[in-house]
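1. predicted model, plus sequence, below.
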Amino acid sequence: MPRWKELPTELPSSERQLLVHLRRLKDHSGLSLAALSTRTSYSRSSWERYLNGKKPVPRKAVEELAQVCGTEPTRLVVLYEVAERARTEEAAGRPDQPTREQDRDDQEQGEQKQDDQEQTLPRVGRTVPLKWTLGAVALAVVVSFGGGLLAAGAWDDGAPAKKTGAVAASTGYLRGQTYDCDVRREGGELRAGHSDTHEMLLDINSTGFDVVEAQCLLREKGFSPGVFDGLYDERTKGAAKRFQGARHLVMDGIIGPDTWRELRR
């Protein structure tokens, strides 16, 4: 399967999280972009733009991808809502420019015309069962909080360079600093004291204490990335791939629930 292009560095972390989920879902389904175009309301070129972060992915496309791949859309819909809220807030801060919603409406109208030209198959329904919608409300709070941690920016307040555990969490992540790795077994799992996540998705350009935690655990497992600064770079991704290969996981270099589970064993 062709390797994905790196996502644009300017993408907000909430949108990056959504796209990582969509990419993995598409890869695990074994469907090509051309196949998706025949099973959904969107063309191959539209899916290429969405999944490579060139254009915001519409909610309908998220729902249809989940349906085609046989996956409950709850988590994807929640991630979409978080990303959409971030885009709306960004637009609110730039009143002199068109809003993302206006851009999306114009985009969907244009893509609708293109889709009508490129394919004639019936459209897939977008109905989401009520129980999934209700479940999404509670899940949104958790995802929003996790996305906020991942999106945390860097600042310099004169604090010491090396901090761990509760002290580090209370002072905030400092980009460019190196953190200690004090890995211990607590409650039957390994912890480095920087994050207790079991689900946060990490990929190139992810930053924060979740990344520091992963870097420390990779070193503990014998796959050291050589750096413990909270930046998910090529070295960290390479170490993650080697670890995934040793544990017979999907070797995509993206740390998700399956990789976290093995790291904390």
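-> That came in fine, so what should we check first?
2. for the rest of this, base every contact and every neighbour count on C-alpha atoms.
-> Noted.
3. distance check, the residue nearest to residue 201 when sequence neighbours are not counted against residue 83.
-> Sequence neighbours aside, residue 256 is the residue nearest to residue 201 in space, at 4.6 Å (criterion: C-alpha to C-alpha, 6 or more residues apart in numbering). From residue 256 across to residue 83, the span is 19 Å (C-alpha to C-alpha, to the nearest Å).
4. more neighbours: those two, which one.
-> Neighbour totals were compared for residue 256 and residue 83, and residue 83 leads with 24 against 17 (other C-alpha atoms under 10 Å).
5. residue contacts, that one?
-> Residues in contact with residue 83, defined by C-alpha atoms under 8 Å, 6 or more residues apart in numbering, are 12, 14, 15, 18.
6. any idea how many residues pack against the third one?
-> Neighbouring residues of residue 15 were enumerated by other C-alpha under 10 Å; the total is 22.
7. what about it, which helix or strand?
-> Here residue 15 sits within helix 13-29, counting by DSSP states H and E.
8. tell me the one of the contacts of residue 83 nearest residue 90?
-> Relative to residue 90, the closest of the contacts of residue 83 is residue 12; by C-alpha to C-alpha it sits at 9.8 Å.
9. any idea of the pLDDT on that closest one?
-> Note for residue 12: predicted pLDDT of 86.
10. quick one, phi psi at it?
-> phi -60, psi 150 (degrees, to the nearest 10).
11. again, but for residue 65
-> Per-residue torsions, residue 65: phi -60, psi -40 (degrees, to the nearest 10).
12. then residue 242?
-> phi -60, psi -40.
13. tell me how far the closest residue to it other than its chain neighbours lies from residue 186.
-> Of all residues not flanking residue 242 in the chain, residue 223 sits nearest, at 7.1 Å (C-alpha to C-alpha, 6+ apart). Residue 223 is 21 Å from residue 186, where distance means C-alpha to C-alpha.
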